[in-house]
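In: Sequence and predicted model, in that order:
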Amino acid sequence: MTKETIEKVVNSYFTNMTAMNAQGWLEIFAEDAVICDPVDKPPMNAKSDGEKLFALFSKFYAKLELTPNNIFIAGNGAAVKWKMQVVAKNGKEAVAEGISVFEINENGTIQKLSSYWDEAAMLAQIKG
């Protein structure tokens, strides 16, 4: 797998999340892809749980901006340091940073995604 292919898939993940484009996001995952986001939550299946995830996003967030800051590619995967800024429907804003590890399969789709960040701290910023 080429570095360009991995970089394209990873960038597509971030672009589709920011656009809250569930269909585009689902297309870059393998049928049996596993997401651990954040890693301390139970894993979910991208294909069967993705629509619910985006429904939840659109219910609570007026804006979600997920920006990759550094992409480190090795083998068939990448680790990405990112920053997320959200505006909740209640008008409150929150910021979070984290690192996501992507495992890309031979078909050029995401097989596993593990994200390390403090979701509770971000949600605490927008409660109220």
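Out: Perfect, thanks for sending it. Keep in mind the model is a prediction, meaning the values are calculated, not measured.
In: Off-centre distance for stretch 40-53?
Out: Taking CA atoms, centre = their mean, to the nearest Å, the mean C-alpha location of stretch 40-53 is offset from the chain mean by 11 Å.
In: List the buried residues of the helix or strand bottoming out on mean pLDDT in the chain.
Out: Of all the helices and strands that make up the chain, helix 46-60 has the lowest average by mean pLDDT, DSSP states H and E, namely a mean of 91. Residues of helix 46-60 classed as buried by neighbour count (16 or more other CB atoms under 10 Å): 46, 50, 53-54. For glycine as for every other residue, the C-beta is placed from the backbone atoms N, C-alpha and C.
In: quick check, nearest of the residues you listed to Thr109?
Out: Nearest to Thr109, judged by CB to CB, of the buried residues of helix 46-60 is Ala46 at 9.4 Å.
In: ok now do that closest one, which residues does it touch?
Out: 26, 29-30, 33-35, 110, 113 (CB atoms under 8 Å, 6 or more residues apart in numbering).
In: looking at these, which has the most residues close by?
Out: Counting neighbours by other CB atoms under 10 Å, Ile110 leads the contacts of Ala46 with 24 neighbours.
In: Please tell me I have it right and it contacts Glu27.
Out: No - in terms of CB atoms under 8 Å, Ile110 does not count as a neighbour of Glu27; the distance is 10.2 Å.
In: Between these two, which contacts overlap?
Out: Residues touching both Ile110 and Glu27 do not exist when contact is defined as CB under 8 Å, 6+ apart.
In: follow-up on the earlier one: mind putting the buried residues of helix 46-60 in TSV, distance to Phe60 included?
Out: Formatted as TSV, the buried residues of helix 46-60 follow (distance: CB to CB, whole Å):
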residue	distance to Phe60
Ala46	20
Gly50	16
Leu53	11
Phe54	11
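In: returning to that earlier point: sitting in strands, which of the contacts of Ala46 do you find?
Out: 29-30, 33-35, 110, 113 (DSSP state E).
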